[in-house]
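Enquirer: need a structure here:
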Amino acid sequence: MNTSLRFLTLSVLAGLSLSALAAVPPGYPADYQKTIDAATKEGKVVVYSTTDTKAAGPLIKGFEALYPGIKVEYNDMNSTELYNRYISEQASGSTSGDVVWSSSMDTALKLATDYAAEYASPEIKHIPEWAVWKESAYGTTYEPVVFIYNKKSIPADQVPDSHAALAKYIAANAEKFKNKVTTYDIEKSGLGFMLTVQDSKVDPQYKQHLADMAKGGLTVQSSTGTMMERVSSGENLIGYNILGSYAEARAKSDPGLGISYPKDYVLVLSRVSFITTDAQHENAAKLWLDYVLSEKGQSILANQADIPSLRDDIEGNNDIKGMSKMLGEAPKPIHVDESLLEYLEPAKRLDFIKQWRTAAGK
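Expert: Numbers count the residues shown, from 1 in each chain. Below is the predicted model:
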């Protein structure tokens, strides 16, 4: 056998062996093997995500172990950067991500309306109806939004446990909290803007509460990590509208960071994911999305990445069932539907930001 033929034969056998290692998951259609085979030939999947690489690491490792012939090219960005990059690439005709996975639910759905491929995941029956939009965009997590505080500066018996209590506490101690309260910069953070809009929809006294929280002056940031660092160090004392998943992960190794789950209502974010219509690695993208939604993938998110699962069959308490037991009636899941798009209309967005700035004294 000549060298070229031997190389070709070995390559084919290697491809077949890698494909054979990845069995069709239980309960999936028998022809799913064709998707696995095609994905193995594609060899990789390109993911555009706002989930930081450290948190996503166990999920990537698990996926590549299950499908050893497919590598994950993971691009970690903030929500505004992801949106702008994807739009720019579409306008220029450049290659782009195969999968979008964003915590900014509204901008993710806006992208999905124009660029999501329809795909009915075999896992669809295991996730809530509110987390699925037209079998094209999927919520993937169940993440309460919390308050954080500096434990050294705020006694446990004074920690606010509702939005009204938070506003009252800050207003009554305006000098103590002068420039010590932090939240998202809603003009720079798509996630921050979306959460603020949802607050205004749920809380009838939102503007007054915002004004009271701003009595000492707000400091705004574009990332959760920066806010947690500032609160932990004492540079700020309280942060609100913080992703509980990130706060819980940090609190495990940071004794100075406290977390409060409000009892009046808890916004629950679900990171939105979809396969793009122009995916270069369409089949690998299907495997990735299905894996993220699967019991195996969701278990990794819940128990290794500290990101709560939106399934109710995950071992441990870090899933929708465990969160419901802990928080009772307080959770208000943000639905993956067209209502997310309301405040993305330019004039309405600008008016909302103007009103926010007025109430926040910015």
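Enquirer: where does the nearest residue to P333 once chain neighbours are set aside land in three-state SS?
Expert: Using Cβ to Cβ, 6 or more residues apart in numbering and skipping the chain neighbours, the partner closest in space to P333 is V268 (4.3 Å). C-beta: built from backbone N, CA, C; applies to glycine. The three-state assignment at V268 reads strand, by DSSP: H, G, I helix; E, B strand; the rest coil.
Enquirer: repeat that for Y48.
Expert: strand.
Enquirer: for it, give me its contacts.
Expert: Applying Cβ atoms under 8 Å, 6 or more residues apart in numbering, we find Y48 in contact with 75, 77, 82, 85-86, 96-97, 99-102.
Enquirer: and the pLDDT for it?
Expert: The model reports Y48 with a pLDDT of 98.
Enquirer: same deal with I320?
Expert: For I320, the model assigns a pLDDT of 96.
Enquirer: count the neighbours of E248 for me.
Expert: Counted with other Cβ atoms under 10 Å, the neighbours of E248 add up to 18.
Enquirer: isn't it up against D306?
Expert: Yes: judged on Cβ atoms under 8 Å, E248 makes contact with D306 at a distance of 5.4 Å.
Enquirer: in the helix or strand that contains A39, what counts as buried?
Expert: Secondary structure from DSSP states H and E places A39 in helix 32-42. Within helix 32-42, the residues that count as buried by 16 or more other Cβ atoms under 10 Å are 32, 35-40, 42.
Enquirer: what's that helix packed up against?
Expert: If you count contacts as 3 or more Cβ pairs under 8 Å, 6 or more residues apart in numbering; DSSP states H and E, helix 32-42 packs onto helix 3-21, helix 282-293.
Enquirer: which of these has the lowest mean pLDDT?
Expert: When I compare these, helix 3-21 is least confident, with a mean of 46.
Enquirer: so where is the stretch 51-200 of the chain shaky, pLDDT-wise?
Expert: Within the stretch 51-200 of the chain, not a single segment meets pLDDT under 70.
Enquirer: quick one: the helices in it?
Expert: Using DSSP state H, counting those that start in this stretch, the helices found in the stretch 51-200 of the chain span residues 53-66, 79-92, 105-115, 163-172, 190-202.
Enquirer: to L287, which of those lies closest?
Expert: Within the helices of the stretch 51-200 of the chain, the stretch nearest L287 is helix 53-66; the backing value is 7.7 Å (Cβ to Cβ).
Enquirer: for the closest one, which outside residues touch it?
Expert: With contacts defined as Cβ under 8 Å, 6+ apart, helix 53-66 is touched by 22, 49, 70-72, 74, 76, 245-246, 249, 287-288, 291-292, 296-297, 300-301, 304-307.
Enquirer: separation between Q90 and R271?
Expert: As defined by Cβ to Cβ, to the nearest Å, Q90 lies at a distance of 21 Å from R271.
Enquirer: swap in A22?
Expert: 25 Å.
Enquirer: who has more neighbours, those two?
Expert: For A22 versus R271, neighbours defined as other Cβ under 10 Å are more numerous around R271 (26 against 19).
Enquirer: ok, that one touching V100?
Expert: No: using Cβ under 8 Å, R271 is not in contact with V100, being 10.1 Å away.
Enquirer: any common contacting residues for those two?
Expert: Both R271 and V100 are contacted by A108, under the criterion Cβ under 8 Å, 6+ apart.
Enquirer: show me where the stretch 251-362 of the chain has its strands.
Expert: For the stretch 251-362 of the chain, the strands defined by DSSP state E, counting those that start in this stretch occupy 257-260, 266-269, 272-275, 331-333.
Enquirer: adjacent strands (with direction) for the last one?
Expert: This means strand 331-333. Here strand 331-333 has these sheet partners by DSSP bridges: strand 266-269 (parallel).
Enquirer: for the partner strand, what is the average pLDDT?
Expert: Mean predicted confidence for strand 266-269 is 98.
Enquirer: tell me the helices and strands packed up against the lengthiest strand in the chain.
Expert: When the chain is parsed with DSSP state E, its longest strand is strand 143-150. Here strand 143-150 touches helix 224-233, strand 238-243, helix 244-251, strand 257-260, strand 266-269, going by 3+ Cβ pairs under 8 Å, 6+ apart.
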